[in-house]
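[1] Need a 3D model of the following:
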Amino acid sequence: MKNFRYIYILMAAVLFGACEEEMDKVMISSDPVSPVLTGPGADAFDFVLADKDETIEFSWEESDFGFDASISYTVEVATDDAFTNKVEIVTAEGSSAAALVDDVNTSLLGLGLSIGELATVHVRVLAMVNDNVEALASGSSSYETTPYETIYPLIYVPGAYQGWNPGGDIGRLYSYGFNSLYEGIIRIVDGANASSSFKLTPEANWDNAWGGVLTADGSKFTGTLDPSGGDFSIPAGTYQIKADVNGLTIELEATDDWGIIGSSTAGGWDNDTDLVYNGQKEAWEITTDLVAGELKFRANDGWDLNYGDTDADGTIDAGGDNIVVTAGNYTIRLYLGKETYELIAN
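    Alright, predicted model coming up:
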């Protein structure tokens, strides 16, 4: 019986010692030291396309959690100083890290910043040990930046509607997230035919093309990207298209088809001049000659949905005033997402 008592005492001592060691491991200072962002300089985000292969150097004073630990640091950029709309730029150990300008620019566009428009962003660094220890954040620094246009990865949608031309200017989908999801808007209309056929290709040729069968559900069509599939076929129309080249899925949904109309256009107030969707710029556009007069944007060759510009400020207004133009050759772009437009004299 005495031996058992000694065993219990020994086990208790071992357990107590183990608990003491564990307590030492998780004990954090009551006054931990947060990292302090020391770089980059004030003009670090004042970059242009020509700087895309340069780097931005981030630096900070390191944290002290009050115990020995391996600390990793993550640089975050946000559109607001509360960091509710943010993105991680780079993670590293030590007191500095570098990020490629082009990667930073892509991240800014992912936050919803507009190409060519001045904006303010906020930068901070987080110090982290593991999921069980609360991260320490530095104060934030503000920077002005003007994102440049990024060339998005793309795949092609050759079909009867554009002469079965893989790599053609008409029929492209873009990956705005630089991932496997490609999307865009395409007018799939083959003359007066009630339906039109197409395929998808990863390159500007017929190698590794995808086809298949589409299943209709109201105005939406879904299918599988099949390397051995035949031509996709769909009723003539304008479609928002999403294709996942990893998941091998495709989805098409009928959407509005935009044009311009007015006394300054070739069709006057009687016939629309169709715009073409430019996925790279995410805009409906055309380059055309205009005479002195007025125009409006309208959808689906009707007046149910149309835009003018009541204040002549470059912002579209539903049912707004006619847009006055002088004679000349123009590139016209309609940015529905930003509710703006451009008339660029060439």
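
[2] how about residue 137, what does it touch?
    With contact set as Cβ atoms under 8 Å, 6 or more residues apart in numbering, residue 137 has these partners: 34-35, 124-127. Heads up, the C-betas are built off the backbone N, CA and C, glycines and all.

[3] Apply 7 Å and report the result again.
    With contact set as Cβ atoms under 7 Å, 6 or more residues apart in numbering, residue 137 has these partners: 34, 124, 126.

[4] Within the sheet, what are the partner strands of the helix or strand containing the last one, with directions?
    Using DSSP states H and E, residue 126 falls within strand 119-128. Each strand pairing with strand 119-128, determined using DSSP bridges, is listed with its direction: strand 72-78 (antiparallel), strand 136-137 (antiparallel), strand 141-145 (antiparallel).

[5] Run the chain-centre distance for the shortest one.
    Think strand 136-137. 28 Å (Cα atoms, centre = their mean, to the nearest Å).

[6] quick revisit: make a markdown table out of the strands paired with strand 119-128 and add mean pLDDT and distance to residue 63.
    As requested, the strands paired with strand 119-128 are exported to a markdown table (pLDDT from 0 to 100; distance: least, Cβ to Cβ, whole Å):
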| stretch | mean pLDDT | distance to residue 63 |
| --- | --- | --- |
| strand 72-78 | 97 | 8 |
| strand 136-137 | 96 | 5 |
| strand 141-145 | 97 | 17 |
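
[7] Those strands: which one's closest to residue 226?
    Among the strands paired with strand 119-128, strand 72-78 comes nearest to residue 226, with 40.4 Å by Cβ to Cβ.

[8] Ranking helices and strands of this protein by mean pLDDT, which lands last?
    The helix or strand of the chain with the lowest confidence, counting by mean pLDDT, DSSP states H and E, is helix 2-26 at a mean of 40.

[9] got the buried residues for the helix or strand following that one?
    Per DSSP H and E, the first helix or strand lying C-terminal to helix 2-26 is strand 36-39. Neighbour counts using 16 or more other Cβ atoms under 10 Å place residue 37 of strand 36-39 among the buried residues.

[10] List the pairing partners of strand 36-39 within its sheet, with orientation.
    Per DSSP bridges, strand 36-39 is paired in its sheet with strand 55-61 (antiparallel).

[11] Show me which positions of the strand it pairs with end up buried.
    In strand 55-61, residues buried by neighbour count (16+ other Cβ under 10 Å) are 55-56, 58-60.

[12] what would these look like in JSON lines with distance to residue 328 and pLDDT?
    As requested, the buried residues of strand 55-61 are exported to JSON lines (distance: Cβ to Cβ, whole Å; pLDDT from 0 to 100):
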{"residue": "55", "distance to residue 328": "43", "pLDDT": "96"}
{"residue": "56", "distance to residue 328": "41", "pLDDT": "98"}
{"residue": "58", "distance to residue 328": "47", "pLDDT": "98"}
{"residue": "59", "distance to residue 328": "51", "pLDDT": "98"}
{"residue": "60", "distance to residue 328": "53", "pLDDT": "98"}
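
[13] Report the two of the residues you listed separated the most.
    So, the buried residues of strand 55-61 by Cβ to Cβ: farthest apart are 55 and 60, at 16.2 Å.

[14] For residue 294, give me its contacts.
    262-264, 322-324.

[15] ok, so of those residues, who is nearest residue 344?
    Set against residue 344, the nearest of these by Cβ to Cβ is residue 323 (13.5 Å).

[16] what's across from that closest one in the sheet?
    residue 295.

[17] which ones are touching it?
    Contacts of residue 323 (Cβ under 7 Å, 6+ apart): 294-296, 308-309.

[18] ok, now residue 224?
    Residue 224 is in contact with 212, 248-249, counting by Cβ under 7 Å, 6+ apart.

[19] Save those as JSON lines, and put in pLDDT too.
    Formatted as JSON lines, the contacts of residue 224 follow (pLDDT from 0 to 100):
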{"residue": "212", "pLDDT": "98"}
{"residue": "248", "pLDDT": "98"}
{"residue": "249", "pLDDT": "98"}
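
[20] Cool, thanks, signing off.
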